[in-house]
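Q: For reference, the sequence and a predicted model appear below.
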Amino acid sequence: MLINLTPNAPVSELEAELKRLGVWSSRLLDSSGNVRSIALAPHSAAVAPETLAKLPGVSQVLASDSPHPLVDEHAGQAVRVGEVSFGEAAPVLVAGPCALDSESAVHGIAAMVAAAGGKMLRGGAFKPRSSPYAFAGHGRPALIWLAEAAHASGLMSVSEVMSEIEVEAVAKHVDMVQVGSRNMQNFALLRAVGCLKMPVLLKRGRAATVEEWLLAAEYLYASGASGVVFCERGVRGFDPQTRNLLDLGAVALLRHAYALPVVVDPSHAVGRRDLILPLARASIGAGACGLMVEVNPDPELASSDAPQAIGEALLAELGAVIRTSL
Ligand code: PEP
Ligand code: MN
């Protein structure tokens, strides 16, 4: 259960009341460090929502039994990133390089994405790599390349943030912040990203249950995120012939049972360019409100994830898949 507070609520007085009633509570802070809500532990004393509503400083009691009441509140709502809307009209195409390799390359890719009907440019400045010796992105300068290229081609931008230290730098340049698969349960990072009050693209952890994914989104909403778009990118499977195992059941579940906006990243799911298109079609069929793919004008030359990068022709075909899905 969650209690939202009025501005200037007497927090200590309210906490003392809750303690007296036998309820264990914890504070949820906003980016300025003010207490915006109080969470009530599910296993402490059961107190009627009507009683809680009468306590000092309480503006709203969210009395759901669900472990992710804030996510549930957003069911059926689209997530907006500027003019782009996830979960409303047409599925959104998000495309760009795996890593932002150079300023000139990013500009060319942005033009290619816009020409294919894409609405958002992706690209990593900070790359999570399994090996500490692999190319890990160009860092902060690459965020500026991304922002400028996106702007020049009339696109929104999204990039991954890997650590709390970089949260502000990434947020300064992008329209949407990406939390990657490996960090889906980095709770300190989730809180820091939520405090930005921005839209977030939340990738599913490679071995995360749907419930854990929803709870990660709850962290983001609890610390102030303006919207969360879920991104299914495949879970770890047992068969190395495809990079991961695309869980379209989870996509259908999120879209049709939870009414939440979910996009699919077929690139990381399958890991090979020849299978991106069929998986993209299947994803839209399962209810995805968008697709995120890795592109490169010269796919073989991509500095990371080259086997899954698609070139201009396949990207144009993907644009057509989205347009004809309406
Ligand atoms: C990415 O989208 O750049 C990425 C690293 O993906 P994931 O976190 O899904 O592995
Ligand atoms: Mn990649």
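A: Thanks, I have the structure now. Ligands and ions are numbered 1, 2, ... in the order given.

Q: The helix or strand encompassing residue 293 vs ligand 1: in contact?
A: Using DSSP states H and E, residue 293 sits in strand 290-294. No. Figure legend: strand 290-294 not in contact with ligand 1 (C-beta under 6 Å from any ligand atom); closest approach 7.0 Å. Every residue, glycine included, has its C-beta placed from N, CA and C.

Q: what's in contact with that strand?
A: With contact meaning C-beta atoms under 8 Å, 6 or more residues apart in numbering, strand 290-294 is reached by 86, 91-98, 122, 201, 229, 231, 261, 263-268, 276, 280, 283-284, 302, 305, 308-310, 315, 318, 322.

Q: Mark which of the residues you listed are buried, thanks.
A: Neighbour counting with 16 or more other C-beta atoms under 10 Å marks 86, 91-98, 122, 201, 229, 231, 261, 263-268, 276, 280, 283-284, 302, 305, 308-310, 315, 318, 322 as buried within these.

Q: Return the subset of those lying in strands.
A: 86, 92-96, 122, 201, 229, 231, 263-264 (DSSP state E).

Q: What is the nearest of those to residue 113?
A: Nearest to residue 113 among these is residue 95, at 4.6 Å by C-beta to C-beta.

Q: check contacts around the spatially most central residue of the chain.
A: The residue lying closest to the centre of the chain (C-alpha atoms, centre = their mean) is residue 201, at 1.7 Å. Contact partners of residue 201, counting by C-beta under 8 Å, 6+ apart, are 158, 176-179, 229, 231, 263, 292.

Q: in the sheet, who's paired with it?
A: residue 178, residue 229 (DSSP bridges).

Q: can you pull the buried residues of stretch 143-156?
A: 143, 145-150, 153, 155-156.

Q: Which of those lies at the shortest distance from residue 195?
A: For these, the nearest to residue 195 is residue 143 (18.8 Å; C-beta to C-beta).

Q: Can you name the element that comes right after the strand or helix carrying the closest one?
A: For residue 143, the host element (DSSP H and E) is helix 140-152. Reading on from helix 140-152 to the C-terminus, the next helix or strand found by DSSP H and E is strand 156-160.

Q: What average pLDDT does that following strand get?
A: Strand 156-160 shows an average pLDDT of 98 in the prediction.

Q: Get me the contact residues on the stretch 151-300 of the chain for ligand 1.
A: Neighbours of ligand 1 within the stretch 151-300 of the chain, by C-beta under 6 Å from any ligand atom: 160, 180-182, 203, 233, 268.

Q: which of those count as buried?
A: When those are checked for burial by 16+ other C-beta under 10 Å, the buried set is 160, 180-181, 203, 233, 268.

Q: Give me the subset of the residues you listed lying in helices.
A: Judged by DSSP state H, those include residue 268 as members of helices.

Q: want to throw the buried ones among the residues of the stretch 151-300 of the chain next to ligand 1 into JSON lines with distance to residue 224?
A: Below are those laid out as JSON lines (distance: C-beta to C-beta, whole Å):
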{"residue": "160", "distance to residue 224": "19"}
{"residue": "180", "distance to residue 224": "20"}
{"residue": "181", "distance to residue 224": "23"}
{"residue": "203", "distance to residue 224": "20"}
{"residue": "233", "distance to residue 224": "25"}
{"residue": "268", "distance to residue 224": "28"}
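
Q: Return the member of the buried ones among the residues of the stretch 151-300 of the chain next to ligand 1 nearest to residue 69.
A: residue 203 (22.7 Å).
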